[in-house]
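Trainee: For reference, the sequence and a predicted model appear below.
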Amino acid sequence: MGQNSFATKACYITITVGLLALGVDKQSNSINFTIMVTFAYFDAFYLAREREYRILYEHLIDVTKRKNIKPHSLIVSEKINEFQIIFSPIVLMFYLSIFVILILFNCLCSFQ
């Protein structure tokens with residue numbers, strides 16, 4: 001799951017740099033913002049699933065120590081909201097820093 005989060009960030013940076021290379025105008029600002037929000041949600045989705053399975057794995061270890069339970073019966077019972085993960089430091093710092101860079105880039109391009 002962590003690899004999916006990394007791939008999401010890499011894909012987002014690739015698309016953003018490609019859009020910036022094509023040119024900056026008012027329409028590309030809204031496209032960049034929409035893409036940023038979409039990829040932030042995807043990133044949070046993968047991180048939420050990773051946390052759910054981490055909690056499930058820790059619970060499974062505790063239960064199997066106490067009882068004889070099949071270790072391959074993995075059903076996630078505790079759901080984690082993706083919108084809580086978006087505001088976690090790892091996601092927020094990454095996308096907020098890119099957002100600030102995009103704002104600065106747009107300001108610099110508008111002065112020329």
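Mentor: Sure, I can see it. Numbering: from 1, shown residues only.

Trainee: top helix in the protein by residue count?
Mentor: helix 26-66 (DSSP state H).

Trainee: other SSEs contacting the helix or strand just after it?
Mentor: Note on helix 26-66: by DSSP states H and E, the next helix or strand toward the C-terminus is helix 82-86. Counting contacts by 3 or more Cβ pairs under 8 Å, 6 or more residues apart in numbering; DSSP states H and E, helix 82-86 is packed against helix 26-66. For every residue, glycine as well, the C-beta is placed using N, CA and C.

Trainee: Which strands or helices does the helix it packs on pack on?
Mentor: Using 3+ Cβ pairs under 8 Å, 6+ apart, helix 26-66 sits against helix 2-22, helix 82-86, helix 89-111.

Trainee: And the second one, what's buried?
Mentor: What that stands for is helix 82-86. 82, 85-86 (16 or more other Cβ atoms under 10 Å).

Trainee: same deal with the longest one?
Mentor: The neighbour-count check on helix 89-111 (16+ other Cβ under 10 Å) flags 91, 94-95, 98, 102, 106 as buried.
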